[in-house]
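Novice: output the structure for:
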Amino acid sequence: MFTFLLVVQAIIAALLVTVILMQKSEGGGLGVGGSPSGFMSARGAADFLTRSTTILASIFVLLSIVMAVIASVRHAPSDIDTSLVKQAPATQAAPAPANADPLAGAAGNAASAPAANGAVPLAN
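Specialist: You can find the predicted model right below:
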């Protein structure tokens, strides 16, 4: 359903661009000659193109709103997937004493950190 509406939206957008580009910038319409009171006279063409632009723009906006509602209902918010979050190790090393040498403590922590798969150890 959503794909069908998306295709219809694209067709309406193309028609809207075409109708807008067919209009003269000063409201002259197609500029086709003929009787002044006829349907496709300059005035009649301008009225037709103006009405077409209004109708196509209205359909485009309404279809955009409908598609937004369908998309929000179809893709309802779901729970965050936490299946890839790594679990913290069950046993953690005791914190270094406050009066210990900081360089020795860093070297000691680096030596005891796991090096599997080139992973960087997490900070305590």
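
Novice: what about residue 19, neighbour count?
Specialist: Around residue 19 there are 19 other residues, counting by other CB atoms under 10 Å. For the C-beta atoms, the positions are set from N, CA and C on the backbone; glycine is no exception.

Novice: cool, residue 87 as well?
Specialist: Neighbour tally, residue 87, other CB under 10 Å: 5.

Novice: for it, helix, strand, or coil?
Specialist: Applying DSSP: H, G, I helix; E, B strand; the rest coil to residue 87 yields a three-state assignment of coil.

Novice: who does the helix or strand containing residue 54 touch, helix- and strand-wise?
Specialist: Using DSSP states H and E, residue 54 sits within helix 42-74. When contacts are defined as 3 or more CB pairs under 8 Å, 6 or more residues apart in numbering; DSSP states H and E, helix 42-74 packs onto helix 2-22.

Novice: low pLDDT regions in this protein?
Specialist: 26-44, 76-78, 88-124 (pLDDT under 70).

Novice: one step back: tilt between the helix holding residue 54 and helix 2-22?
Specialist: 160 degrees (axes from the mean of the first three to the mean of the last three CA atoms, to 10 degrees).

Novice: just the buried residues of helix 42-74, please?
Specialist: Buried residues in helix 42-74, counted by 16 or more other CB atoms under 10 Å: 42, 44, 45, 46, 48, 49, 52, 53, 56, 63, 67.

Novice: now do stretch 9-25
Specialist: In stretch 9-25, residues buried by neighbour count (16+ other CB under 10 Å) are 9, 12, 15, 16, 19, 23.

Novice: out of these, who's nearest residue 85?
Specialist: Closest approach between the buried residues of stretch 9-25 and residue 85, by CB to CB: residue 9, at 38.9 Å.

Novice: contacts only, for the closest one.
Specialist: 60, 63, 64, 67 (CB atoms under 8 Å, 6 or more residues apart in numbering).

Novice: quick check: it vs residue 24, distance?
Specialist: Between residue 9 and residue 24 the distance, using CB to CB, to the nearest Å, works out to 27 Å.
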